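Colleague: Pasting the sequence and the predicted model now:
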Amino acid sequence: MDRIPAALFGASGMVGQRFVASLQDHPQVDLVAVYSSERSKGKKLSEIWKLPDAVLNDDIASMKLEKLDIQDAVKQKAKIAFCALPADLAKKVEPDAASAGLAVFSNAAAYRMDDLTPILIPEINYDHIKIVELQRKKKGTRGFIVTNANCSVTGLSVALKPLVDKYEFPRVFVSTYQAISGAGYPGVPSLDINANCIPFIKNEEVKMNREAKKILGRFDGTSIRPIDIDIFANCVRIPSRDGHLEAVTIQFAGKAPNADEITETFARFEGKPQILKLPTAPKRPIIVRNEENRPQPILDALAGSSDRTKGMAVTVGRIRVDGDVLRFFCLVHNTIRGSAGGSVLNAECAIHEGMI
Ligand SMILES: NC(=O)c1ccc[n+]([C@@H]2O[C@H](COP(=O)([O-])OP(=O)(O)OC[C@H]3O[C@@H](n4cnc5c(N)ncnc54)[C@H](OP(=O)(O)O)[C@@H]3O)[C@@H](O)[C@H]2O)c1
């Protein structure tokens, strides 16, 4: 199969650079154009590169950033637009790109709660991609928008999926310990975050509830019905670099299942991307750690089963049951599984479905 040409909007940002790292050796997608704002225009990717754990191939390192231009992306024959733009800009750019015929895979919050746009995490809700047909019909476009979730929501939703499939519970309580890279570049001022924690991340706690409900919801052929579980979140920015850690508490109606059963439920979980063996799907979407002090951002954020899937697995640990209460920690790489890697996996699903 010929690789499908793709453009990247917001290539110079924290998420944008993760896209470049994931796409540079991609077997199905060919990165043909990278865009940023006027500020970075004309710079080579090697000049703006800030990821210590990803090395650029020479041909990609010398690609030059252009000022964002949808028509130019179309001229470069792009069929896909990966989008890592701020939400206010994405609100205008993404529908314009879809109207221009591009398949848009977005990281921004702008269209996540749109009725005809999926928040796709394919291990959880592969079938939600079908709603794109309704989106195309209503908008009259060949192109379309698929979003992925907020980064903390991604980790939590992946961890909750095997539990909601097997057990019933009405409420989830979660406290997050979120890395600085989650705020983009340059993000939180160093004097605010160094040796400190900030117990406020704008809009994050609301997103945790409403996005998770949609992601875990059911697509009935015409709409996505949110799941009937409420998520109560406390979100905190901490001075780690990458990887959002989350402390989760669930109260069951009666006695909770025992810790061994919960451990096995997590460890056995797999979804359609694993069955299809999609290039960016980790062998196991959830990795369970049994050590008493894991998961940790430094040790576990890059969990995965191969170079391509590093950072795509969610790590779960410290599974404890006391009577009717289950507690555990989960950890997600915010700019890989929680953003760029998640979008690339979504594109692989759309390619598999023949949508591009
Ligand atoms: N960071 C995370 O963990 C994370 C996780 C999930 C979702 N997201 C979402 O992903 C998106 C990108 O986040 P980020 O963390 O990568 O942000 P970022 O580091 O601030 O990067 C923003 C990107 O957008 C470009 N941009 C800004 N204004 C522009 C304009 N007027 N015209 C064209 N390009 C413009 C920037 O280009 P310049 O470099 O030229 O300014 C840069 O490439 C956001 O919507 C964010 O909410 C982020």
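Modeller: That came through, no problem.

Colleague: which ones are touching the nearest residue to Pro239 once chain neighbours are set aside?
Modeller: Of all residues not flanking Pro239 in the chain, Ile193 sits nearest, at 5.0 Å (CB to CB, 6 or more residues apart in numbering). Every C-beta, even on glycine, is put in place using the N, C-alpha and C of the backbone. By CB atoms under 8 Å, 6 or more residues apart in numbering, the residues touching Ile193 are Ile180, Arg237, Ile238, Pro239.

Colleague: how close does Ile193 get to Ser306?
Modeller: Distance, Ile193 to Ser306, using CB to CB, to the nearest Å: 33 Å.

Colleague: contact partners of the helix or strand containing Val236?
Modeller: Element membership of Val236, judged by DSSP states H and E, is strand 230-237. Contact with strand 230-237 is made by 152, 156, 170-178, 180, 182-183, 188, 193, 197-201, 204-205, 208-209, 212-213, as judged by CB under 8 Å, 6+ apart.

Colleague: Restricting to C-alpha, output that strand in CSV.
Modeller: Extracted as CSV, the C-alpha positions of strand 230-237 are listed here (Å, rounded to 0.1, in the frame of the first residue of the first chain):
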residue,chain,number,x,y,z
ASP,A,230,-20.3,10.4,37.4
ILE,A,231,-16.6,11.3,37.8
PHE,A,232,-15.5,13.6,40.6
ALA,A,233,-12.0,15.0,39.9
ASN,A,234,-9.4,17.0,41.6
CYS,A,235,-6.8,18.1,39.2
VAL,A,236,-3.3,19.2,40.2
ARG,A,237,-0.3,20.4,38.2
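
Colleague: Stretch 62-73 and the ligand, are they touching?
Modeller: Yes: shown here: stretch 62-73 in contact with the ligand (CB under 6 Å from any ligand atom) through Leu68.

Colleague: Can I get that stretch as PDB, trimmed to CA atoms?
Modeller: The C-alpha coordinates for stretch 62-73 follow below in PDB (Å, rounded to 0.1, in the frame of the first residue of the first chain):
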ATOM      1  CA  SER A  62      15.500  19.200   7.700                       C
ATOM      2  CA  MET A  63      11.700  19.800   7.000                       C
ATOM      3  CA  LYS A  64      10.800  23.500   7.300                       C
ATOM      4  CA  LEU A  65       7.800  24.800   9.200                       C
ATOM      5  CA  GLU A  66       5.400  26.800   7.100                       C
ATOM      6  CA  LYS A  67       2.800  29.200   8.300                       C
ATOM      7  CA  LEU A  68      -0.500  27.300   8.700                       C
ATOM      8  CA  ASP A  69      -2.300  27.200   5.400                       C
ATOM      9  CA  ILE A  70      -5.000  24.600   4.600                       C
ATOM     10  CA  GLN A  71      -4.900  25.200   0.800                       C
ATOM     11  CA  ASP A  72      -1.200  24.600   0.800                       C
ATOM     12  CA  ALA A  73      -1.700  21.300   2.600                       C
END
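
Colleague: Name the residues of that stretch that come out as buried.
Modeller: Neighbour-count burial for stretch 62-73, with 16 or more other CB atoms under 10 Å as criterion, is recorded at Met63, Leu65, Glu66, Leu68, Ile70, Ala73.

Colleague: where's it relative to the chain centroid, distance-wise?
Modeller: Centroid displacement of stretch 62-73 relative to its chain, using CA atoms, centre = their mean, to the nearest Å, is 24 Å.

Colleague: What is the burial count for Ile319?
Modeller: Counted by other CB atoms under 10 Å, the residues lying close to Ile319 total 21.

Colleague: Just the mean pLDDT for the helix or strand where it lies, thanks.
Modeller: Per DSSP H and E: Ile319 is located in strand 314-322. When pLDDT is averaged along strand 314-322, the result is 98.

Colleague: Which helix or strand lies directly C-terminal to that strand?
Modeller: strand 325-332.

Colleague: quick check: angle from the very next helix or strand once past that following strand to strand 325-332?
Modeller: Sequence-wise, the next helix or strand downstream of strand 325-332 (DSSP H and E) is helix 341-352. For helix 341-352 against strand 325-332, the angle by axes from the mean of the first three to the mean of the last three CA atoms, to 10 degrees is 80 degrees.

Colleague: What residues sit buried inside helix 341-352?
Modeller: Applying 16+ other CB under 10 Å to helix 341-352 flags Gly341, Gly342, Ser343, Val344, Leu345, Asn346, Ala347, Glu348, Cys349, Ala350, Ile351, His352 as buried.

Colleague: Please go through this protein and pick out the longest helix.
Modeller: helix 151-166 (DSSP state H).

Colleague: Tell me how many other residues crowd the residue in the chain positioned nearest to the ligand.
Modeller: When scored by CB to the nearest ligand atom, the chain has Gly13 as its residue closest to the ligand, at 2.0 Å. When neighbours are counted by other CB under 10 Å, Gly13 registers 24.

Colleague: What residues does it make contact with?
Modeller: Gly13 sits in contact with Ser36, Ala84, Gly184, Tyr185, where contact means CB under 8 Å, 6+ apart.

Colleague: Check the residues you listed and tell me the two furthest apart.
Modeller: Ser36 and Gly184 (12.8 Å; CB to CB).

Colleague: elements contacting the strand or helix carrying Glu123?
Modeller: Counting by DSSP H and E, the element that carries Glu123 is helix 122-125. If contacts are counted by 3 or more CB pairs under 8 Å, 6 or more residues apart in numbering; DSSP states H and E, helix 122-125 sits against helix 151-166, helix 272-276, helix 341-352.
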